[in-house]
Each structure stands twice: as structure tokens, then as C-alpha cells.
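S.K.: missing the sequence, but the structure's below:
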């Protein structure tokens, strides 16, 4: 008991809702077996001590500049992604399922990209509507006929996973420039330092080798095949919202962090401008969008890219991760067909399910969506980061009506999904544990082999009841503990 | 190393050095405001603004005021201009913000400790206004900034790997230091001619701004005679704030970053540094130390050389034309 007479048990006010699975507790209120020790230890710990640890971690994030930029009316503001100090646990068995499911999915997505820019068998066989793929704004005609070494289009993938009553499901594949891995590592460092005894007792699998694995994955793309390729990370610059992550990854991998103006193409090769000479670049980990990559091929007004880069890449003189044109595979409409891709290319059943998705381009689906807006989440195909979507149950009648009008005007630009019973996990709120919705974003690396660190950026909707976990919309993060296999 | 990183390091280093210099200038002037005659205080302001080649926001500085309240009001306005005025590129906050922006650009090549030192100092200063610190010990604020600049430099010394990054850091610090000290020296001699009865306070404060007063006392005296003071600040190679020391550091850094490069842009940098050093080695000692005009002419020549270093470095290392480098391509 605290001195003021109130109980100091972190979980004294915690409520289990039968409609939402909980990452720590079962429906009966008892902790899951893998969470028992954590729960007991947290209960025994003074709540104010955990709150103090969390505040200390956030101060240290600010001091160390572990921030991202949010753009508003008053320009860019540097903010930290708030950390929630209560870890989420994933059992070894659950992780095994996720790991194999993710590897399967990324393999199929890579085969899909190689196919749609090559023979287009999957389109000819009618598995996916031709117009959906060829009409997708992210489909790059310039990529047609490009054959990549090892067929790797997507080297780095961040897949958003949710859990509802039916188990793990894939919410979204991020195949262009998935971010968040640096926050995964920063959260781990902070929580490991704060809860060091608990951490040790749980046999949590390490994630610190991520940047080593990323470096190896990128090196696999080197066209010269040399043992020490010259690799760079191409950033849009310090005003990009993920600049901290770009800097962090470059520093940890020991490679140069470059901007478009640092690179030039000469004689079909890419060079970077150093103080001593021009140095040939073998691999570019680009964190800028396709549109800005090369003004001679994509947007001519791009100031961020490198003129001639696409040509040098097509000649096979430089590796680029991820390859241009990957956006067609993480399009919100094409997403619906990923399970079909897995069956088509791998002749396997998908290990991880999709969330049911209605394509408003289909008149039947459109009619259903418009009739059931109050129960659905509707998203714009071309948007990300939680922007431009309608969460039906939380929207007013007027908002739904206005949104329906937009859907009718351009149905192909919208998809809808049922409002998910997203799982919840205990989070610190006003010094107590309170349930908040969570998802997780593991990172899959595809080089000559598939590499996945046992961890993820676990995102939290910090506002009570909110289903939006995106950092740009006020979401936070928490450490994900993947437990080691029992001996 | 990447040219843009080299330029970022160089400017980060320059801006931190400048922030420390401005903080010490203001600190000295705030001390003067406490107990110096009004005329000396006015000359102190003129020294600062002449050295910065700037007019305060409200117009020209006019000597001859006799009202203490007005003087204090002026002091507030001028300190604000030197510290927080956004349109003043040499204002302390501008320097700190620029140093941090450059540090953000090069975070992947500087040490974590350097970034933390700079970031924490900036975050603590951000949002501070002069009225917040004016009543309650403004000196503490400027002392903290000066101390941060010195600490930052020390952390760099303790944590940086001695590769090109380090040498561009040294270049920025040394060129900025030489440039600021020479401009200040020129302004000081113009306002406090050596033939006038010299005031210990004024020459002592000059040494303090250049972080040289303690060393001067040990090597010479606590009288601060003008001729000896100027010689000490310009030509004593053992004084880390001297022009001779700064130029020696620049020369050594240029030798390292230039390596075996024999192209014209790299040669131009070395040539200019060599000429400036020769001025101190061969011409400085034989001038008439009581001839202020001759001294100032040499100070100006050295200042011109320092201004030229920047253009030379830019052309040789930061923004060179690609055709100059085609022979040096590495595959």
C-alpha cells in the first residue's frame, strides 16, 4: 500500500474487455503463462518507480535526439515517439509462426514483383485483375524487363501485424521505405536498462544484431561482389520525418549517410563526392520514394535524387534497396490478393491471414461498404500513416455521409475492412496500467537468405479506445519481448 | 570522407567556436556595465560591433550619453541583439542553432557525446528570452554558454577518431578563432590606441575574451601592456588562442586532408596558409610595436588570409568541380 492509503498495485484498475484479446491476460483475468512472471514482478514494483523509469527514458530520447518530425501549420516539430515502459511478450511458439509466415509472405511478394515486371504470368492467368496492377499509381513501366540478381526486389520489409480473436493477421506490407526499426532498438535499450533484472530472468531474444544483418543483406546486392562494398544510405535530409532513423542506421552500419547532391553518375557508374576523390558506390540503401529517385526517369522536379541513377542501376553497376516499383505490391487493393500470390507462386497455404478487405472498385463490394459504413474502416488506397481514413464506428453520421460521397466519386481509390477487435496490452496511464490497442511491425530482410530479428516495433494507440497506432497520429511504442525457446 | 560531411563538421565547429566567443564578449561587457565609466562602456560596445562588422538593430552606436538609466536600457537592447535577435547571424542563439543543424547533418560521423553536449545545451536555451535572465544574473547564462563551447571542444578532443573528420573539425575551430580574434584585435587597437594611457581593465578584458589572461599573467605580468599583449595574442605559438597557433593547426590539418594531392585547388590552400604563417614568422617581429597603423595593417592582412581560407577549402574539398577530380576516381 502506498502512504496515501491507495493500493500501489499497477494493475488495480485494469479492465479486461471480452471483445478485445489482451496480450497479458486471458478472458478470465488470469495472466497468460508466458506473462505470469512479468505481471507478478510489475505488481510488486512501486508504480512510481516504473513511471520514473519511463520519464527518464523519454528525457534521454529527447537528449539523444531520438525524434521524428511532425509537420503542421507551424512547420516541422521534433518530437519523441513516446515510449510505454511495460513490455509486450510474445511466446516462442507464436514467434515461430510469425517468422515462418513473414518469410513466406516476403518470398511471394518478391516473386510477384519479378513476375509483374517480367512475364506477368499471374496477370495472364487471371489471378489478379490486370487493370488493378497496371493502373496502380505505384506500378513503374520503367521497370518492365528488369531482371534483378537473386530476384530480390524487396530487401527490407516492415509488415504490420495485428492480433484479434482469430490470431495474428497481416494488416499491411510496407515494401518501400518502412521505418521504425531504430525506435524498436531504442525502446529495447531503454527498457533493458530500466528493467534489467526482469529482462534477464525472461530469456528475451536479442535484437541488437539487426544492423549487422541489414549490412549483410545490403552487401548481397553489390554488383562487384567484392568483400567490402562501398555502401551508402540515401536520405532526403534532416527535414525528413525519419531522419533520425537514417542517421542511426548509417552510423550503426558504418556507412556514409548521403543526400542526392552527394552522388553523381558518370559513365554508367555511381560515385560519391568525397574530400579526396570521387569514390564508386556499390550499393544504395535508399530511404527516398521512387518518385524522387532519379529526375531523368521519375519526377523531373526532384531535387532529392540523382540524375542517371536508374540507368546505372539497370546496367547492373549499382545495387539499390529496395528496388524501384515495389509499391505496386503493397498497394492497399493488391494487398487483398497476397494470399492468392502465396498459393500461386509457392503452392502453399498462407501461414498468416489477411484482414478481410472490400475493394470499392467492385460494385458489389461498394454497395456493401456504403451500407455498412458504421461498422467498417475505410482507407484511401494511396495514403499511409493513418491519414485519410474513416473509422466508421467512431465517426459521426455527418462524417460518414461526407466520406460516402468521396467514395462514390472515386470508388477505386478506397478499400474497406471490418473494424478490428485489435488486441490490447497494459500501458502506463496516470501511474496505472490501462489497456491500449497495439500492433507490431517486424522487419524482414531478404538478401541471399531471409533474415528476421526476433523483435518488432510494437506500436500503441495511447489515446483510450483509439485504434490508430501510427506515430504521426500520436501513437507510441513499447518493447516487444520474444522469449527464447524453452530448453 | 563525404564532402558534405566535411563541410558540416567544419561549420559545426566554426559556429560553436563563434558561440563561445560571443558569449565571452557579452560577459566581459556585462562586467564593464557594473562598474566602468560610461565612456569606457560605450567603447566596449563599439569594440563588439566593430569586430562583428555590424550595426545594432536600432541604428548606429552614438557615443556621449551621460544617463545611467539610458545606458542600462541600451545594454538590454544590445545584449538582446547579440544573443537572441533572429536576424543577427552572429547572435548567440543563431550560432547555437546553426551548430546544431550542422551537427544533425553529420551525426553519423561525430561522437554521440558531442551530439548530446550540443543538443542538451540547445534544448535548455531554446525558448529562453533575455527578460527571463536579465534581472537574475545574466552573467550565469553567458558563462554557461562559454563553458558549453569549451566543453564541446574538449569532448571532441577526447572522443573523435583522428581521421579527416577530426582535421576538418580543427580547421573550422582554428579558422573561426583566428578570424574572430583578429577582427577583435583590429577593433580594439582602433578604439584603445596604444599611445594613450592604457587601462588595465580594457587590455585585460581583451585577453579574457581570447581565453588568454591567465596564461599572460604567468608568462608576463598582470599589467597587460598593450604592445606585449598584442604580441602575445598574435605570435606566441604556445598560446592556444594565438593566431600563430591557429595557423599552425590549419597548416597541419591541410597537410593531412590534402594528403598527396598535388592538384591546384589543394595547393592553393597550402600556399595561402604558408604565406600567412610567414607573415608572423618573418614580418611581425620587425614591425614597430608602437606604430598602431603598421600593426593594424598586418592584422588586416592576416584577417584577409583567414577569410580566403574558407573560399579555398570550399573549392578544394567541399564543392569542387567534378572535372577537377576525374583523375582521382576510385573504383
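M.R.: Looks like it came in fine. Owing to the predicted nature of the structure, the values given are computational and were not obtained by experimental measurement.
S.K.: from here on, contacts and neighbour counts on C-alpha atoms
M.R.: Noted.
S.K.: look up which helix or strand residue A:284 falls in, please.
M.R.: In the assignment (DSSP states H and E), residue A:284 maps to strand A:283-286.
S.K.: pLDDT (mean, whole number) over the next helix or strand after that strand?
M.R.: On the C-terminal side of strand A:283-286, the nearest following helix or strand under DSSP H and E is helix A:290-293. Across helix A:290-293, pLDDT averages out at 94.
S.K.: longest helix in the chain, by number of residues?
M.R.: Unless you meant another one, I'm taking chain A. Ranked by residue count, the top helix of chain A under DSSP state H comes out as helix A:92-116.
S.K.: chain B was what I was after
M.R.: Under DSSP H, chain B gives helix B:3-35 as its longest helix.
S.K.: which residues in the stretch 1-150 of chain A form strands?
M.R.: A:67-72, A:75-80, A:83-90 (DSSP state E, counting those that start in this stretch).
S.K.: for the stretch 151-300 of chain B, same thing?
M.R.: Under DSSP E, counting those that start in this stretch, the stretch 151-300 of chain B gives no strands.
S.K.: give me the beta-bridge partners of the closest residue to chain A within chain B?
M.R.: Chain B approaches chain A most closely through residue B:2 (4.1 Å), counting by Cα to the nearest Cα. For residue B:2, the beta-bridge partners are residue A:274 (DSSP bridges).
S.K.: ok, now which ones touch it?
M.R.: Residue B:2 sits next to A:256, A:258, A:262, A:272-275 when contact means Cα atoms under 8 Å, 6 or more residues apart in numbering or on different chains.
S.K.: about what we covered before: which is the next helix or strand following the longest helix of chain B?
M.R.: Past helix B:3-35, the next helix or strand by DSSP H and E is helix B:38-52.
S.K.: now that following helix: buried residues?
M.R.: For helix B:38-52, burial by neighbour count (16 or more other Cα atoms under 10 Å in any protein chain shown) applies to B:38, B:40-52.
S.K.: report the central residue of chain A.
M.R.: residue A:158 (3.8 Å; Cα atoms, centre = their mean).
S.K.: show the pLDDT at it.
M.R.: pLDDT, read off for residue A:158, is 96.
S.K.: phi, psi of it?
M.R.: Backbone torsions of residue A:158, given as degrees, to the nearest 10, read phi -120, psi 110.
S.K.: so of the strands of the stretch 1-150 of chain A, which one's packed in deepest?
M.R.: Comparing those on average neighbours per residue, with mean count of other Cα atoms under 10 Å in any protein chain shown, the densest one is strand A:83-90 at a mean of 24.
S.K.: ok, residues contacting it?
M.R.: Outside of strand A:83-90, the residues within contact range by Cα under 8 Å, 6+ apart are A:23-24, A:34-35, A:50, A:53-54, A:57-58, A:187, A:191, A:425-428, A:458, A:476-483.
S.K.: go again with 7 Å.
M.R.: Residues outside strand A:83-90 that contact it (Cα atoms under 7 Å, 6 or more residues apart in numbering or on different chains) are A:23, A:35, A:54, A:58, A:187, A:191, A:425-428, A:476-483.
S.K.: which helix or strand contains residue A:191?
M.R.: Residue-wise, residue A:191 maps onto helix A:181-194 under DSSP H and E.
S.K.: helices and strands around that helix, which ones?
M.R.: Judged by 3 or more Cα pairs under 7 Å, 6 or more residues apart in numbering or on different chains; DSSP states H and E, helix A:181-194 is in contact with strand A:457-460, strand A:476-482.
S.K.: ok, residue B:256 to residue B:13 distance?
M.R.: Counting by Cα to Cα, to the nearest Å, the separation of residue B:256 from residue B:13 is 18 Å.
S.K.: more neighbours: which of those two?
M.R.: The neighbour comparison of residue B:256 against residue B:13 (other Cα atoms under 10 Å in any protein chain shown) goes to residue B:13, with 28 against 13.
S.K.: so what's that one up against?
M.R.: Per Cα under 7 Å, 6+ apart, neighbours of residue B:13: B:169, B:172-173.
S.K.: ditto for residue A:252
M.R.: Contacts of residue A:252 (Cα under 7 Å, 6+ apart): residue A:211.
S.K.: just the element for the residue in the stretch 101-250 of chain A that chain B sits nearest to, please.
M.R.: Nearest residue of the stretch 101-250 of chain A to chain B (Cα to the nearest Cα) works out as residue A:247 at 5.5 Å. Element membership for residue A:247 (DSSP H and E) is helix A:243-253.
S.K.: before we move on, back to that, report whether the strand holding residue A:284 contacts chain B.
M.R.: No - using Cα under 7 Å from any Cα of the partner chain, strand A:283-286 stays clear of chain B, with a minimum separation of 13.2 Å.
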